[in-house]
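[1] I would like to see how this sequence folds:
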Amino acid sequence: MSEAYVVAAVRTAGGRRGGRLAGWHPVELAAQVINAVLDRTGMDPALVDDVFLGCVSQVGEQSTNVARNAVLASRLPEAVPGTSIDRQCGSSQQALHFAAQAVMSGAQDIVLAGGVESMTRVPMFSPSALAQKAGLGFYQSESVNRRYHDVVFSQFTGAEMMARKYGLGKDALDQFALLSHQRAIAATEAGAFADEIVPVPVRRADGGHDGSLHSVDEGIRFDATLAGIQGVKLLQEGGVISAANASQVCDGATAALVVNERGLKALGLQPLARVHHMSVLGHDPVIMLEAPIPATERALRKAGLNIADIDLYEVNEAFASVPLAWLKALGADPERLNVHGGAIALGHPLGASGTKLMSTLIHALKRRGGRYGLQTMCEGGGMANVTIIERL
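    Residues are numbered from 1 along each chain as shown. Predicted structure coming up:
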């Protein structure tokens, strides 16, 4: 069986809700990162066999196969197909897995994987909320309700459950949130994101622009303080989760080029990393956010590795309780976790976050001279993807 290699991995800088990317149609934003991969590799666009894009809220501007529409908006020829993937927050990580599986099987040689989400223009929960409003029902069926005793699945409830189960108080969550900003600030000021970020023109929601380029993650609070974070209102009375220790609503797009040996030869490029392992696991959909823990344990067993063998980890900061619980359960080194900050500071553009984290992981490994990197994230419905890469 062939290997799967990543030869390019890019992302836009995150945009805050209503911020510097709010005027971008998500199809056009996705086309920007696709074109950036073509530019950085210098490849013939016709060599791309397929495009897999993750997107969670597939309605409105993100409906009707956003991946295919992104192809048509980009410099790719119309002969290149595209398909859209929804594995909730792991959608673009799953896109990368599908791309790797395609090239490893030999069915395809060169595949673009990525994701896009404009949380400004297509707000979170739009698909279900709009359908309910139109009288088209709700996604939870009678059988699901019987099995889970009429539970209303909620990531916010899951985050609180995680904090209680793993003994994580609000102080620990707030301190972790501050650290996310501090690491993101340090990475930005050191130029650590320069190789992964694709600068795009600023387009505000009102259509305004000043001719500048958006190249710095807009969610980073350069003046963040622990007192400021601690003062943010809790999401529920008596809880520990606030908007300050949870991921930020974000607009963004990401793309990675995945190839096999034939693809490397056709492109004449050197790989950045090899996909060493990929898997996905289902878990309890009520606590929902715990799946990265057993998924990581299983992935390490299947890969024949220990957590100490992994040089860097990217565990999505959907809520601070998730990576902190993961650290505690795995006995992992906190100095290797989200070393350039995470979604609390950088934002979480839902369906784009998987390859966003992968872009950061690959470039951080290169910058630090590490060998193995592991990426995982919690996903709606109680699932988690795990990807282990080897830097080359």
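[2] Could you pull up phi and psi at Pro127?
    phi -60, psi -50 (degrees, to the nearest 10).
[3] can you pull the contacts of it?
    Ser57, Gln58, Val59 (CB atoms under 8 Å, 6 or more residues apart in numbering). In this view, the C-beta of every residue, glycine as well, is placed from N, C-alpha and C.
[4] if we go to 6 Å?
    Counting by CB atoms under 6 Å, 6 or more residues apart in numbering, Pro127 touches Ser57, Val59.
[5] likewise Lys356?
    Applying CB under 6 Å, 6+ apart to Lys356 gives the contacts Arg11, Thr254.
[6] If we use 8 Å, what do you get?
    If you count contacts by CB under 8 Å, 6+ apart, Lys356 has them with Arg11, Ser92, Gly115, Gly252, Thr254, Pro349.
[7] and if you look at Thr83?
    Residues in contact with Thr83 (CB under 8 Å, 6+ apart) are Asp50, Val51, Phe52, Leu53, Asn65, Ala67, Arg68.
[8] What about these, which are in helices?
    In this view, these that belong to helices under DSSP state H are Ala67, Arg68.
[9] Which of the contacts of Thr83 sits closest to Ala227?
    Ala227 has its nearest neighbour among those in Leu53, at 40.4 Å by CB to CB.
[10] Give me the pLDDT for the closest one.
    For Leu53, the model assigns a pLDDT of 98.
[11] what about it, neighbour count?
    Using other CB atoms under 10 Å, Leu53 is surrounded by 35 other residues.
[12] Find the nearest non-adjacent residue to it, please.
    Residue nearest to Leu53 in three dimensions, not counting chain neighbours: Ala67, with 3.7 Å by CB to CB, 6 or more residues apart in numbering.
[13] Please identify the helix or strand for the residue nearest the centre of the chain.
    With distances taken as CA atoms, centre = their mean, the residue of the chain nearest its centroid is Ser353 (1.4 Å). Per DSSP states H and E, Ser353 falls inside helix 353-368.
[14] buried sites along that helix?
    353-365, 367 (16 or more other CB atoms under 10 Å).
[15] Now render those residues as CSV, adding pLDDT and distance to Asn316.
    Shown next, in CSV, are those (pLDDT from 0 to 100; distance: CB to CB, whole Å):
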residue, pLDDT, distance to Asn316
Ser353, 98, 6
Gly354, 98, 8
Thr355, 98, 12
Lys356, 98, 9
Leu357, 98, 6
Met358, 98, 11
Ser359, 98, 13
Thr360, 98, 11
Leu361, 98, 11
Ile362, 98, 16
His363, 98, 17
Ala364, 98, 15
Leu365, 98, 17
Arg367, 96, 20
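[16] For those, give me a markdown table that also has distance to Tyr5.
    Formatted as a markdown table, the buried residues of helix 353-368 follow (distance: CB to CB, whole Å):
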| residue | distance to Tyr5 |
| --- | --- |
| Ser353 | 22 |
| Gly354 | 18 |
| Thr355 | 15 |
| Lys356 | 19 |
| Leu357 | 18 |
| Met358 | 13 |
| Ser359 | 15 |
| Thr360 | 18 |
| Leu361 | 15 |
| Ile362 | 11 |
| His363 | 15 |
| Ala364 | 18 |
| Leu365 | 14 |
| Arg367 | 19 |
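[17] Nearest to Ala295 among those?
    For the buried residues of helix 353-368, the minimum distance to Ala295 (CB to CB) is 13.6 Å, reached by Gly354.
[18] can you pull the contacts of the closest one?
    The contact partners of Gly354, by CB under 8 Å, 6+ apart, come to 54, 89-96, 115, 254, 375, 377, 385.
[19] Under the pLDDT cut-off, which ranges of the stretch 251-392 of the chain? List them.
    By pLDDT under 70, the stretch 251-392 of the chain has no low-scoring segment.
[20] re the thing from before, in ChimeraX, select just the buried ones from the contacts of Gly354.
    To isolate the buried ones among those in ChimeraX, judged by 16+ other CB under 10 Å, type:
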select :54,89,90,91,92,93,94,95,96,115,254,375,377,385
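[21] Make JSON lines from the contacts of Gly354 and add distance to Leu269 to it.
    Output for the contacts of Gly354, formatted as JSON lines (distance: CB to CB, whole Å):
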{"residue": "Gly54", "distance to Leu269": "24"}
{"residue": "Cys89", "distance to Leu269": "30"}
{"residue": "Gly90", "distance to Leu269": "27"}
{"residue": "Ser91", "distance to Leu269": "26"}
{"residue": "Ser92", "distance to Leu269": "22"}
{"residue": "Gln93", "distance to Leu269": "23"}
{"residue": "Gln94", "distance to Leu269": "24"}
{"residue": "Ala95", "distance to Leu269": "20"}
{"residue": "Leu96", "distance to Leu269": "17"}
{"residue": "Gly115", "distance to Leu269": "22"}
{"residue": "Thr254", "distance to Leu269": "19"}
{"residue": "Gln375", "distance to Leu269": "22"}
{"residue": "Met377", "distance to Leu269": "28"}
{"residue": "Asn385", "distance to Leu269": "26"}
